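**Q** can't give you the sequence, but here's the structure:
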Ligand SMILES: NC(=O)c1ccc[n+]([C@@H]2O[C@H](COP(=O)([O-])OP(=O)(O)OC[C@H]3O[C@@H](n4cnc5c(N)ncnc54)[C@H](O)[C@@H]3O)[C@@H](O)[C@H]2O)c1
Ligand SMILES: O[C@H]1[C@H](O)[C@@H](O)[C@H](O)[C@@H](O)[C@H]1O
């Protein structure tokens, strides 16, 4: 069986996903494209030698009989509308983060899925599929370092073009908010945001970096440095301090060089290169889950928890205080 896919949003990541679904993932075929910028769909068809039908109306693409499942990779504020439309059409939908830009929007998606009685939504939290994070999780599950007590993490990117307001939290740190609760099998109860001296090497008016502190139900203290204009590279760090040892996320493999009086390693620059294998695995799993008839990756509930966490962090950034993260009980549907 080939899963026929329609992709909404063919910008930077939409283009990447069309490429991987068409060239790398068995059992998938991209048959339909939609973007407000039609020329980006046309160039994808010609660059990847595809013959996908270009829809000018995203809702027509979602309803089309020729489309089995939808990938939403458009601008964040459009996600909620397209995911709800896919649920109404009874179709599987993979939605890039964020699931919705408000926690309330995520909650409504959960309600729609619960009413339909079937898990259809997967959210694009690809770090769970990254081998380095999986190795770190295995180390914690094996109790190698005892109970985790403190996490020291960093999310550094060279530049953040187009970033404004609180996007370092709502657009970037959402990856940490998802992957760390998955890593620890825990949930957050409170957040505080500390604002260090601003870098002078970013757009005027932007606060960068941030230090986000999270407290979990088990009492674990998490500190995440978000520095999205760090210039030197794309660098994701996660160190877990346990009762009897320390475990750190493995670095991406790179050749160790000794030359001209230096010992060096390359550091990646682009997020696409850091998580390429994770994106591939995420889509392999998604296609398998569609064939099996039930979405099983990061769920609408996970998208909701992340949105509640991001809201608390934004509030904490402006109040300077610890803010509570209040979650209702997780519905059995998402266990
Ligand atoms: N998982 C990840 O690591 C990751 C990486 C990058 C981006 N993303 C997410 O993917 C989404 C897209 O990001 P991007 O970097 O590709 O942005 P982008 O700006 O390059 O692309 C967004 C595309 O959406 C299109 N679009 C906007 N409104 C639309 C609408 N109403 N209908 C159809 N198309 C519409 C735009 O024309 C554009 O082509 C964002 O939500 C972003 O947070 C996730
Ligand atoms: O949209 C991107 C993407 O999600 C990357 O994985 C993340 O590290 C960036 O900071 C973010 O802006």
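**A** Received it, and whenever you're ready, just let me know what you need. Not measured: the values here are computed from a predicted model. Ligands and ions are numbered 1, 2, ... in the order given.

**Q** now residue 150: which helix or strand?
**A** Assigned by DSSP states H and E, residue 150 belongs to strand 148-156.

**Q** how about the residues of the stretch 1-150 of the chain by ligand 1?
**A** For the stretch 1-150 of the chain, the residues in contact with ligand 1 (Cβ under 6 Å from any ligand atom) are 8-14, 34-37, 40, 58, 73-76, 78, 96-97, 124, 126. (Each C-beta comes from the backbone N, C-alpha and C, glycine too.)

**Q** give the buried residues for stretch 186-204.
**A** 186, 187, 188, 189, 190, 191, 192, 193, 202 (16 or more other Cβ atoms under 10 Å).

**Q** what of stretch 3-18?
**A** Applying 16+ other Cβ under 10 Å to stretch 3-18 flags 3-10, 13-15, 17-18 as buried.

**Q** now stretch 271-286
**A** Buried residues in stretch 271-286 (16+ other Cβ under 10 Å): 271, 274-276, 278-286.

**Q** same question for stretch 140-153.
**A** 140, 145, 148, 151, 152, 153.

**Q** ok, now stretch 88-106?
**A** 91-103, 105-106.

**Q** can I assume residue 240 sits in a strand?
**A** Yes - counting by DSSP: H, G, I helix; E, B strand; the rest coil, residue 240 is found in a strand.

**Q** just checking, it touches residue 222?
**A** No - in this structure, residue 240 is not within contact of residue 222 by Cβ atoms under 8 Å, at 9.6 Å.

**Q** touching both of those two, which residues are there?
**A** Residues touching both residue 240 and residue 222 by Cβ atoms under 8 Å, 6 or more residues apart in numbering: 150, 151.

**Q** what segments of the stretch 151-300 of the chain are strands?
**A** Using DSSP state E, counting those that start in this stretch, the strands of the stretch 151-300 of the chain run over 188-194, 210-216, 221-227, 235-242, 246-248, 257-259, 262-264.

**Q** among the buried residues of stretch 88-106, which one sits closest to ligand 1?
**A** residue 96 (3.6 Å; Cβ to the nearest ligand atom).

**Q** quick check: the gap between that closest one and residue 30.
**A** Going from residue 96 to residue 30 by Cβ to Cβ, to the nearest Å gives 15 Å.

**Q** for the strands of the stretch 151-300 of the chain, give me JSON lines that also has distance to residue 112 and mean pLDDT.
**A** As requested, these are exported to JSON lines (distance: least, Cβ to Cβ, whole Å; pLDDT from 0 to 100):
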{"stretch": "strand 188-194", "distance to residue 112": "25", "mean pLDDT": "98"}
{"stretch": "strand 210-216", "distance to residue 112": "29", "mean pLDDT": "98"}
{"stretch": "strand 221-227", "distance to residue 112": "31", "mean pLDDT": "98"}
{"stretch": "strand 235-242", "distance to residue 112": "33", "mean pLDDT": "98"}
{"stretch": "strand 246-248", "distance to residue 112": "39", "mean pLDDT": "98"}
{"stretch": "strand 257-259", "distance to residue 112": "53", "mean pLDDT": "98"}
{"stretch": "strand 262-264", "distance to residue 112": "51", "mean pLDDT": "97"}
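
**Q** and those strands: which comes nearest ligand 2?
**A** Ligand 2 lies closest, by Cβ to the nearest ligand atom, to one member of those: strand 235-242, at 7.4 Å.

**Q** report the angle between the axes of the closest one and strand 148-156?
**A** With axes from the mean of the first three to the mean of the last three Cα atoms, to 10 degrees defining the directions, strand 235-242 sits at 170 degrees from strand 148-156.

**Q** run through the neighbouring helices and strands of strand 235-242.
**A** helix 131-141, strand 148-156, helix 174-184, strand 246-248 (3 or more Cβ pairs under 8 Å, 6 or more residues apart in numbering; DSSP states H and E).

**Q** specify the beta-bridge partners of the nearest residue to residue 215 once chain neighbours are set aside.
**A** The shortest distance from residue 215 to any residue other than its chain neighbours is 4.5 Å, reached at residue 190 (Cβ to Cβ, 6 or more residues apart in numbering). Counting by DSSP bridges, residue 190 forms beta bridges with residue 215, residue 324.

**Q** what sits against residue 190?
**A** Contacts of residue 190 (Cβ under 8 Å, 6+ apart): 214, 215, 312, 322, 323, 324, 325.

**Q** give me the ChimeraX select line for the residues you listed, limited to the buried ones.
**A** Restricted to buried positions by 16+ other Cβ under 10 Å, the ChimeraX selection for the contacts of residue 190 reads:
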select :214,215,312,322,323,325
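
**Q** domains of the protein?
**A** 3-127+277-305, 128-270 (automatic domain parsing).

**Q** tell me which of the ones you listed sits most buried.
**A** domain 3-127+277-305 (a mean of 19; mean count of other Cβ atoms under 10 Å).

**Q** and residue 324, how far is that from ligand 2?
**A** Distance, residue 324 to ligand 2, using Cβ to the nearest ligand atom, to the nearest Å: 26 Å.

**Q** repeat for residue 81
**A** Distance from residue 81 to ligand 2, by Cβ to the nearest ligand atom: 20 Å.

**Q** that residue belongs to a strand?
**A** No - applying three-state DSSP, one finds residue 81 to be helix, outside a strand.
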